[in-house]
Every structure is written in C-alpha cells, then in structure tokens.
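**Q** Generate a structure from the sequence data that follows.
(one chain, ligands or ions: 1)
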Amino acid sequence: MAGPLLEIRNLTKHFPIKGGVFARTVGLVKAVDGVSLTIHEGETVGLVGESGCGKSTLGRAILKLIQPTSGSILFQGQDITAWDAARMRPMRRNMQIIFQDPASSLNPRMTVGDLIGEAFVIQGMAPDRAEREAKIQELLSRVGLRPEHINRYPHEFSGGQRQRIGIARSLAVHPGFIVCDEPISALDVSIQGQILNLLMDLQRDLGLTYLFIAHDLKAVEHMSDRVAVMYLGKVVELAGSDDLYREPAHPYSRALLSAVPNPDPAQRKERIVLKGDVPSPINPPSGCAFHPRCPMAQERCSRETPELREVKPGHHAACHFAG
Ligand code: SF4
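**A** Predicted coordinates for the structure are as follows:
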C-alpha cells in the first residue's frame, strides 16, 4: 500500500451553544470528538453513520473549510492544522470537495464555463481565455458531458448532469484528494450508479484518493477499500470493506448492516432494531455513548469509554467486548 496522504490525529470540532443576554457559551455540540484516521494514496475510505453523527463536519474539518477545535491534520506530511486561508490556498488545489446537492452548490447565474473556469482563476491557473475554454471542454468530456455545454446554465441540466458539473469543477485544479460528501444522495436511484462508476473511473485514471461520505451502505461497500463507522462524533469501527461487511465487530455496525436489504437469502441477516433515537451530541451518554441503545450493553458500558482498538489484524472496534 502507498504511504499516507492524510493523517488526522484526535481531531475534534465542537460548536459552542450561546445563551442568555450576554450570548455566553452555555454548552458544546461535540460534532467530531477525537477522530484519528489515516488515508493512503489512491485508496477510498468510506465514512458511514446515521444523520447527525458528524460525517460531513469531519469531511469539512479535514479540508479546513471549518477550523477544527483541536487535534491535528497532516497532509502530504505537512501539519496544516493551524494554516490560515492564505497559506491554505495553494494546498486547496490538492484537496477538493464534491457536495451532496449540486443544485445548491452551483451558482444559477453562472454558465458552466464560468463555474468551472472560476476554479482556474482562483488558483491562478490557465489565465489565457482560449486555453481555459479548451481545458473546460476537455473536463466536460471527461465527466460525460458535451463540450458545447460550456455556455449553458445549471438549471438546463438534470440532477445527474449537475453533479457531473460539480465533479468537473472539483477536478479543474488537478486535486489528489477529494472529499465526496454524500455525492449521490440527492440523485434518482437510476442515476446513482452512473455517478459512482464515474467516480471510480476518475480514480483509476487520475490516481485520486477519496474520503467517501454516505449513509447508503451499499454505495459505500461498492466504492471503498476501507470503511469507518461513526457514531456521535467518534469512529466506532474501522476495517477493510470486505471484512467489515462480512463480519462487523461493533454492535452498532451490526445493526446498521442488518438493515441493508440483501437479494441473496443465504446472506440475509436478522434485522437488529435499535432502541430510541441517536442521543444529542450536546450531552452524549457517559462511558460508551452507544450504551443506551446497545443490545449487548452491560453495567461497565455506562462507566468506561471503550478505546478504538485492533480486534484482529487491520480491524479496529471501540467496544469492550469486541474481538
Ligand atoms: Fe455495546 Fe458496551 Fe460494546 Fe458499547 S462497549 S458497543 S455499550 S457492548
């Protein structure tokens, strides 16, 4: 396996809750709460979990679109945690994001050419107009659109085509690493597979590295070399995709996977229905934050926080009883 491209260590992102006439901090939303993760060049790491578990916040904190509260981010061996916007600008070429909803991430008053060309301008690339247009048309072809689409506006495209424009925009600056933040969840099911295949083709052709965030577990399995499962701001399981889907070690992962429909009756697992809703990240449960919903919880679980530890080679889980 290639060396690490990205290493995050004990990363947290806490949002203050303001209250009272003096708008003092009266609490914290612990959206990301001590995540460590290494992503190697050329691999796809999937990130799954229910809504509100911190997946998207983690993706944005890694790219420094929001400033982490504590912890560190090493990209290509450089500690970028404290870098300001000016210092980050050249690094942004290498770290891009594909958003969930292409309709809201593309300015409706700009043509496709301007939307993609803007990325070149911001990064000081292709200053010559003719050169820029040629590059934009090449990018459009690469993502399955036509060169003549350059003069059209986002509303003239379908949802899938708009996502292709979003992908072309991310690719414009030749990134090595892309956070794909729920890139198919706003799309028709019939289109989702095409976008996943496009992302995989681009990865193969351009040597991209992905953090692939989704709540669709089948899509994550299809895309990912390794998968991290998040619950209430923490990674509770991390393993090779095949290993995790075949033999999940954490009770939360087992419950998530038991809800995935499987056309093969021999492979079907008994559905595990979790009690209650995900607790608030403002005041997470003590000990193992999953304990109020865990079918295997014991007395110790409400007192002691389990560490994410290796339960078998390459397979990590944060459960006292895993392994
Ligand atoms: Fe369940 Fe306890 Fe394991 Fe947490 S530590 S997942 S509560 S068994």
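
**Q** Only C-alpha atoms from now on, for both contacts and neighbour counts.
**A** Will do.

**Q** which intervals of the stretch 51-200 of the chain have sub-threshold pLDDT?
**A** Residues of the stretch 51-200 of the chain that meet the criterion pLDDT under 70 lie in 126-127.

**Q** Looking at the stretch 101-250 of the chain, what residue ends up closest to the ligand?
**A** residue 250 (5.9 Å; CA to the nearest ligand atom).

**Q** Next, give phi and psi for that residue.
**A** phi -100, psi 140 (degrees, to the nearest 10).

**Q** Residue 9 too?
**A** Dihedral pair for residue 9: phi -130, psi 120, per degrees, to the nearest 10.

**Q** beta partners of it?
**A** Beta-bridge partners for residue 9, by DSSP bridges, are residue 72.

**Q** my guess is it meets residue 71, correct?
**A** Yes. Counting by CA atoms under 8 Å, residue 71 is a contact partner of residue 9 at 5.6 Å.

**Q** Show me whatever sits in contact with both of those two.
**A** Residues within reach of residue 9 and of residue 71 at once, by CA atoms under 8 Å, 6 or more residues apart in numbering, are residue 34.

**Q** chain center to stretch 289-308, what's the gap?
**A** Mean-position distance between stretch 289-308 and its chain equals 26 Å (CA atoms, centre = their mean, to the nearest Å).

**Q** sec struct for residue 91, please.
**A** Assigned by DSSP: H, G, I helix; E, B strand; the rest coil, the conformation of residue 91 is helix.

**Q** same question, the one 5 residues further on
**A** Using three-state DSSP, the structure places residue 96 in strand.

**Q** For it, give its distance to residue 117.
**A** From residue 96 over to residue 117 the distance is 15 Å, taken as CA to CA, to the nearest Å.

**Q** who's in contact with the residue nearest to residue 24 when sequence neighbours are not counted?
**A** Ranked by CA to CA, 6 or more residues apart in numbering and with sequence neighbours excluded, the top spatial neighbour of residue 24 is residue 18, at 5.2 Å. Residues in contact with residue 18 (CA under 8 Å, 6+ apart) are 24-27.

**Q** host element of residue 18?
**A** Per DSSP states H and E, residue 18 falls inside strand 4-19.

**Q** and the helix or strand following that strand, average pLDDT?
**A** Where DSSP H and E defines the elements, the next helix or strand beyond strand 4-19 is strand 24-40. Averaging pLDDT along strand 24-40 yields 93.

**Q** Report the strands that pair with strand 24-40, each with its relative direction.
**A** Strand pairing for strand 24-40, using DSSP bridges, gives strand 4-19 (antiparallel).

**Q** Up against the ligand, what does this structure have?
**A** Counting by CA under 6 Å from any ligand atom, the positions of the chain adjacent to the ligand are 250-251, 288, 290-291, 294, 296-298, 301, 306, 319-321.

**Q** Across the sheet, point out what pairs with the residue nearest to residue 24.
**A** With DSSP bridges as the rule, residue 18 is bridged to residue 25.
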